[in-house]
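# Quick one: sequence and predicted model below, then my questions.
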Amino acid sequence: MNKTVLPSELEVVPEDGPLYAARKKVYPQKVSGTFRRIKWALMGVCLGIYYFLPFVRWNRGLGAPAQAVLIDFPNHRFYFFFIEIWPQEVYYFTGLLIAAALVLFLLNSIGGRIWCGYLCPQTVWTDLFYAVERLIEGDRRERMKKDTAGWTPRRVGEAALKHWLWLMIAWWTGGAWVLYFADAPTLVMNLLTFQAPAIAYIWIAILTATTYVLAGFMREQVCVYMCPWPRIQAALTDEWALNVTYRYDRGEQRTSVKKAKELRARGEAVGDCVDCYQCVAVCPTGIDIRNGPQLDCIQCGLCIDACDTVMGKIGRPKRLIGYDNDINIKRRMEGKPEIYRLVRPRTVIYCGMIAAVGAIMLYALLTRSLLDVNVLHDRNPIAVKLSDGSIRNAYTMRLLNKRGFDRVIAIDVDGPVNASMHVVGVDSVTQDRPMIVLGRDATTELRVLVTAPAEQNTAKSVPVRFRITDIGLGETAVATDNFVTPQ
């Protein structure tokens with residue numbers, strides 16, 4: 001009986017040669033199956049959202065942008081359907097980035113590089129470019145043959161058509177990105193009539209070039225050499241994470257289909273792997289999954305589809321390659337049942353952290369005030385003593401109205417006893433209570449003077465509290481500072 005050789009037991013013989021081998025062009029073969037269909041579906045969803053989301057409309061009222069998702073740099077706003085984020089609320093983006101990182105960690109703990117194989121933009125656009133290439137130049141063998149043959153008029157025409165379609169896809173990718181920063185229909189018309197800002201054309205050119213180069217030429221090199229995630233992922237994974245795995249306990253020893261039949265007829269043990277190399281032919285990074293875990297593997301599952309097709313043709317059970325872990329391989333070799341632990345402390349902790357971050361962000365969003373005030377104390381001079389002995393402190397007050405209509409705002413101050421307040425340039429409607437009209441979706445900066453009588457100047461510093469009130473809605477906002485007495 002032949003002994004099963006594990007990938008970890010294979011002897012690596014060093015060879016003389018350059019430290020870095022020249023890149024070999026990868027020609028992935030077309031494949032069909034469960035994971036290929038999943039990838040097509042996710043590609044359609046991702047590209048559909050990216051390309052068409054800027055054209056989705058959302059009614060926010062008169063004078064407000066009608067684009068559902070908009071990054072409005074001139075007015076310092078971010079709109080996402082019914083949510084409006086101001087620059088002062090950048091912590092929402094921080095929370096979103098933290099949640100995204102935790103989701104990535106959770107996916108890694110469940111299924112390895114699921115993000116890389118199915119959702120990464122580099123994977124999605126590279127798949128799209130490969131589809132165009134196959135449509136024009138044919139499948140793996142035809143492309144390999146054409147690349148080694150000379151240039152003919154037909155070959156030149158195919159190459160020109162392929163690169164033109166690649167450039168159109170890359171151009172629309174760059175164009176779609178800038179549509180998130182201005183009203184999409186208007187910007188499209190301005191781009192077509194050459195009336196758009198120069199910065200729009202510059203960014204479209206940059207993104208067109210990067211998409212064309214990364215998805216059309218660099219492809220798997222981006223995943224292997226440029227992306228840091230494979231290195232990080234390797235440190236975050238554990239023995240229970242499901243990765244695309246060659247089940248060598250079932251596949252070894254490898255032999256041809258004919259030889260395998262002869263050995264089985266004689267009652268000898270033989271593996272299911274027939275060395276057809278279909279798993280290598282369909283791999284977008286050109287690796288052999290049978291060599292064990294590798295940095296280059298993006299866990300896309302296409303080798304599973306290819307192997308299942310071969311197993312079905314030769315009458316052997318499917319999933320010789322599948323999502324599995326080394327623990328189950330060793331258990332099967334020992335005659336023990338398989339164990340899968342998707343729910344374990346690591347995944348529970350990640351889910352809990354994601355839920356906590358999401359709950360905090362949701363609470364902050366639902367309870368946030370649409371009226372805000374910030375106060376900054378003058379530093380030079382910090383306080384002024386007037387001729388009658390009274391003390392005056394000056395403040396810069398910034399009011400924010402996040403609603404889509406004007407408000408009438410009353411300003412009050414609580415601090416030193418018998419202190420008076422004066423807002424420069426604003427006449428008080430009633431004594432000691434100035435009122436202003438705060439414009440819709442706007443900020444206003446005011447100069448505020450607080451004066452305390454001489455007989456109250458005993459403490460070096462007294463807390464002072466500024467309160468603004470929406471006369472119509474009753475909403476309030478408060479800011480605190482200190483009233484300082486000079487020594």
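It's in.

# could you list every residue that touches the residue nearest the centre of the chain?
With distances taken as C-alpha atoms, centre = their mean, the residue of the chain nearest its centroid is A100 (6.7 Å). Residues counted as contacts of A100 (C-beta atoms under 8 Å, 6 or more residues apart in numbering): none. Yep, even glycine has a C-beta here, placed from its N, CA and C like the rest.

# Buried residues, the helix or strand hosting it. List them.
Per DSSP states H and E: A100 is located in helix 91-111. If you call a residue buried by 16 or more other C-beta atoms under 10 Å, then helix 91-111 has these buried ones: 92, 95, 99, 102-111.

# Repeat that for stretch 362-373.
Buried residues in stretch 362-373 (16+ other C-beta under 10 Å): L370, L371, D372, V373.

# tell me the phi and psi of the third one?
In this entry, D372 is assigned phi and psi values of phi -140, psi 160 (degrees, to the nearest 10).

# Now do T309: how many residues are near it, please.
Using other C-beta atoms under 10 Å, T309 has 16 neighbouring residues.

# give me the element it is part of.
Going by DSSP H and E, T309 is in helix 302-314.

# Pull the residues that contact that helix.
Here helix 302-314 makes contact (C-beta under 8 Å, 6+ apart) with 28-29, 31-36, 39, 244, 257, 272, 274, 276, 278-284, 289, 317-323.

# Toward the C-terminus from the least confident helix or strand in the chain by mean pLDDT, list the very next helix or strand.
Sorting the helices and strands of the chain by mean pLDDT, DSSP states H and E puts strand 428-430 at the bottom, at a mean of 52. Sequence order places strand 433-438 as the next helix or strand after strand 428-430, per DSSP H and E.

# That next one - what's its average pLDDT?
When pLDDT is averaged over strand 433-438, the result is 85.

# just stretch 31-40 next, same as before
If you average the pLDDT over stretch 31-40, you get 95.

# try stretch 186-198
92.

# how about it: buried residues?
Buried-residue list, stretch 186-198, by 16+ other C-beta under 10 Å: L187, V188, L191, A196.

# What residue, apart from its backbone neighbours, is nearest the second one spatially?
Of all residues beyond its chain neighbours, the one nearest V188 is L179 (7.2 Å), with distances taken as C-beta to C-beta, 6 or more residues apart in numbering.

# can you check T34 too?
D305 (6.4 Å).

# Read off the pLDDT value for the one you found.
Looking at D305, its pLDDT reads 95.

# what's the answer for Y20, then?
At Y20, pLDDT is 60.

# How about P7?
pLDDT recorded at P7 is 51.

# again, but for the one 5 residues further on
Looking at V12, its pLDDT reads 48.

# What count of nearby residues applies to C279?
Neighbour count for C279, taken as other C-beta under 10 Å: 24.

# And the helix or strand that contains M189, how far out from the chain middle?
Taking DSSP H and E as the definition, M189 sits inside helix 184-192. Distance of helix 184-192 from the chain centroid (C-alpha atoms, centre = their mean, to the nearest Å) equals 26 Å.

# for the next helix or strand after that helix, packing partners?
Downstream of helix 184-192, the next assigned helix or strand under DSSP H and E is helix 198-213. Using 3 or more C-beta pairs under 8 Å, 6 or more residues apart in numbering; DSSP states H and E, the elements in contact with helix 198-213 are helix 153-178, helix 184-192.

# One more pass at 6 Å, please.
Helix 198-213 sits against helix 153-178, with contacts defined as 3 or more C-beta pairs under 6 Å, 6 or more residues apart in numbering; DSSP states H and E.

# Could you pull up the mean pLDDT of the helix it packs on?
Mean pLDDT, helix 153-178: 94.

# for it, packing partners?
Packed next to helix 153-178, using 3+ C-beta pairs under 6 Å, 6+ apart, are helix 121-137, helix 198-213.

# I'd like to know which of these lies nearest to R266.
Closest approach to R266 among the helices and strands packed on helix 153-178 is made by helix 121-137 (42.8 Å; C-beta to C-beta).

# And the contacts of the next helix or strand after that closest one?
Moving toward the C-terminus from helix 121-137, the next helix or strand (DSSP H and E) is helix 140-148. The contact list for helix 140-148, computed with C-beta atoms under 6 Å, 6 or more residues apart in numbering, reads Y27, Q29, E137.

# Tell me the buried residues within those residues.
Buried subset of those (neighbour count, 16+ other C-beta under 10 Å): Y27, Q29, E137.
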